[in-house]
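Colleague: sequence first, predicted model second:
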Amino acid sequence: MSLNIPLVVLVVYVALLTLLSWKATQIQERGKGGKMLNYLLAGRQLPTILIATMLTGLAVGGASTVGVAEQAYTKGLSAGWYNGAWGTGGIVVGLFLAAKFRKMERSTIPEMMGLAYGGGARFIGVIVQLLIMMTITSLQYVAGGAILASMLPDYFTLTTGMLASAVVFIGITVVGGYWASGITNVVNVVIIYVGILAALYSGFNNLGGYDSVMASLPEGPWLDPIGGIGLAIVMGWMAVMITQCCTTQAVTQIALAAKDENAARNGFILGGILTLPAGFLCAFFGIMAASKFPGLPNAALALPTIAKEVISPAVGGIFLAALWAADVSTAVALLMGCSTLLIKDVILPNFNRDGKELSPNTELFISRVGVLLVSVCSLYLAMTAVGILQTITSALAMTTSFTLLIVVNLYAPRLCKKSSGFCVILTSLVIWALWTWAPSTRIGPHVIYAEWIICALVFAITSALDPRPAGRLLA
């Protein structure tokens, strides 16, 4: 029986992540600020490099690899703007918001909503944030399952691949918390880029070179930087990614965990720069697949098929680890964000209302149970998810409400009124629901346009009619 190199590399990679997670528990035990703060926010001690790799690891997930290649299979290089938009969003937050977030000393976006706009805004904020992040997490399971099933078909089906991915995602998060997420992402980001670059070199070489690949493609916008996807969709992605980078809990939590304001600012700028090229690189896998394997039954198999059929076994093992690393890095950060929401915005407020206090060990236990509960729900969603990029960017558009409410509060607080929070967040949720389940109501090429226009209108109405000023996030 011949040695299965990709499987060996994958096992070694999982063993390394397990070791790093165990090491993270030791750092967590020595940290200052209490067990819950160390578990959920790494004791607010993450340095610039961990901030950068956390952001890059979160950004470069299943949508950035499998999803981009899926789009590039028919749309070409312009599919890479998904990550181009992600990186731009990280840089924008670094320049204008990351340091301010760190200065607030808060833990969650809904907590900020409650501080400024009251309990109603905090309540609906938790619902929307959990919905967004569980949707994205579910797609990491789909991507992970597709990768394992395509590259190791003797060992995994799509379903068992998703289950195996979930076990690793959950294990790292439950054991090591936010420190594990930060430390493992350094390894993940290195493996991602090494794997992608090695796989591109091997793939083009085995297909006769770049010119041979391009010559065998049918006529189409393969190298057009905009034309394949279209300017309206590219601009929509920019609007979505800049918006969600400002106020998705999993992204904001990275800034909240920084050791100081400079680490938050510089880490986000560096992380945005590191994120920019990943999508365009992965788009070439979709282009290769269109050249070599036209007519695939599912475009989501474009990248896994190239990895299995074209890339050499040794490089394929590294590439498999790289693709899975992208899923791990994103899923772990998302699960930590969900856990933080549950304990900070659901569990603790209810206990504190009755004058009760949780012991540090109980808080830690609840945080870990929260990871398990969210994981089970998102795994269920994964079984029904289709169209990776379409699903993810649709859900992310709901962050419009949070971005509008926070940015205006920071830069023009007098415009914010008490009712603005609940009304704008509810509007954002209704718009997304109509876009998703009532297609006849759609206006424009992407839901983000409707989100910004209508949410801004509702905000303006509440600002004009409500005499009660909102609280200020920063004095």
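Modeller: Looks like it came in fine. Keep in mind the model is a prediction, meaning the values are calculated, not measured. Numbering: from 1, shown residues only.

Colleague: for the rest of this, base every contact and every neighbour count on C-alpha atoms.
Modeller: Noted.

Colleague: ok, now which ones touch residue 128?
Modeller: Applying CA atoms under 8 Å, 6 or more residues apart in numbering, we find residue 128 in contact with 398, 425, 429.

Colleague: what distance do you get for it to residue 426?
Modeller: According to CA to CA, to the nearest Å, residue 128 stands 9 Å off from residue 426.

Colleague: cool, and residue 416?
Modeller: Taking CA to CA, one finds residue 416 at 16 Å from residue 426.

Colleague: so which of the two has more stuff around it?
Modeller: Comparing residue 416 with residue 426 by other CA atoms under 10 Å, the one with more neighbours is residue 416, at 28 against 18.

Colleague: hang on, the more buried one packs against residue 407?
Modeller: No. Residue 416 lies out of contact with residue 407 (CA atoms under 8 Å); the separation is 10.3 Å.

Colleague: contacts for stretch 259-267?
Modeller: 44-52, 93-95, 97-100, 102-103, 254-256, 258.

Colleague: quick check: phi and psi on residue 417?
Modeller: phi -120, psi 160 (degrees, to the nearest 10).

Colleague: what does the pLDDT read for it?
Modeller: Here the pLDDT value assigned to residue 417 is 97.

Colleague: show me where pLDDT drops low in the chain?
Modeller: 1-2, 31-33, 352-356, 384-393 (pLDDT under 70).

Colleague: now the strands for it?
Modeller: Assigned by DSSP state E, the chain shows no strands.

Colleague: and the longest helix for it?
Modeller: helix 158-206 (DSSP state H).

Colleague: what about the nearest residue to residue 69 once chain neighbours are set aside, how many residues nearby?
Modeller: Distances taken as CA to CA, 6 or more residues apart in numbering place residue 286 nearest to residue 69, at 4.2 Å, with adjacent residues excluded. Neighbour count of residue 286, defined by other CA under 10 Å: 35.

Colleague: kindly report the same for residue 327.
Modeller: 31.

Colleague: what's the closest non-adjacent residue to it?
Modeller: Closest to residue 327 by CA to CA, 6+ apart is residue 61, at 4.7 Å.

Colleague: does that neighbour touch residue 326 like I think?
Modeller: Yes. Using CA under 8 Å, residue 61 is in contact with residue 326, at 4.3 Å.

Colleague: quick one: buried residues of stretch 399-417?
Modeller: 399-407, 409-410, 413, 415-417 (16 or more other CA atoms under 10 Å).

Colleague: who's in contact with it?
Modeller: 109, 117, 129, 240, 243-244, 246-248, 420-421, 424-425, 428, 448, 451-452, 455-456, 462-463, 466-470, 472-474.

Colleague: make a PyMOL selection of the buried ones in those residues.
Modeller: To isolate the buried ones among the contacts of stretch 399-417 in PyMOL, judged by 16+ other CA under 10 Å, type:
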select buried, resi 109+117+129+240+243+244+246+247+248+420+421+424+425+428+448+451+452+455+456+462+463+469+470+472+473
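
Colleague: one step back: what's the spacing between the residue nearest to residue 327 and residue 275?
Modeller: Residue 61 is 11 Å from residue 275, by CA to CA.

Colleague: repeat for residue 195
Modeller: 15 Å.

Colleague: which residues touch the residue nearest the centre of the chain?
Modeller: With distances taken as CA atoms, centre = their mean, the residue of the chain nearest its centroid is residue 58 (4.7 Å). The contact partners of residue 58, by CA under 8 Å, 6+ apart, come to 251, 326, 329-331, 333-334.

Colleague: kindly report the same for residue 312.
Modeller: Residue 312 touches 202-203, counting by CA under 8 Å, 6+ apart.

Colleague: let's see it at 10 Å
Modeller: Residues in contact with residue 312 (CA atoms under 10 Å, 6 or more residues apart in numbering) are 198-199, 202-203, 205-206, 319.

Colleague: report the contact partners of residue 467.
Modeller: 416-419.

Colleague: I'd like those as JSON lines, with distance to residue 368 appended.
Modeller: As requested, the contacts of residue 467 are exported to JSON lines (distance: CA to CA, whole Å):
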{"residue": "416", "distance to residue 368": "36"}
{"residue": "417", "distance to residue 368": "36"}
{"residue": "418", "distance to residue 368": "34"}
{"residue": "419", "distance to residue 368": "34"}
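
Colleague: coming back round to it: which of the contacts of residue 312 tops the neighbour count?
Modeller: Ranking the contacts of residue 312 using other CA under 10 Å puts residue 319 first, with 30 neighbours.

Colleague: now do it against residue 241, distance only.
Modeller: For residue 319 relative to residue 241 (CA to CA), the value is 26 Å.

Colleague: and what of residue 134?
Modeller: 17 Å.

Colleague: and if you look at residue 85?
Modeller: From residue 85 to residue 241 the distance is 6 Å (CA to CA).

Colleague: overlap of the contact sets of those two?
Modeller: residue 235.
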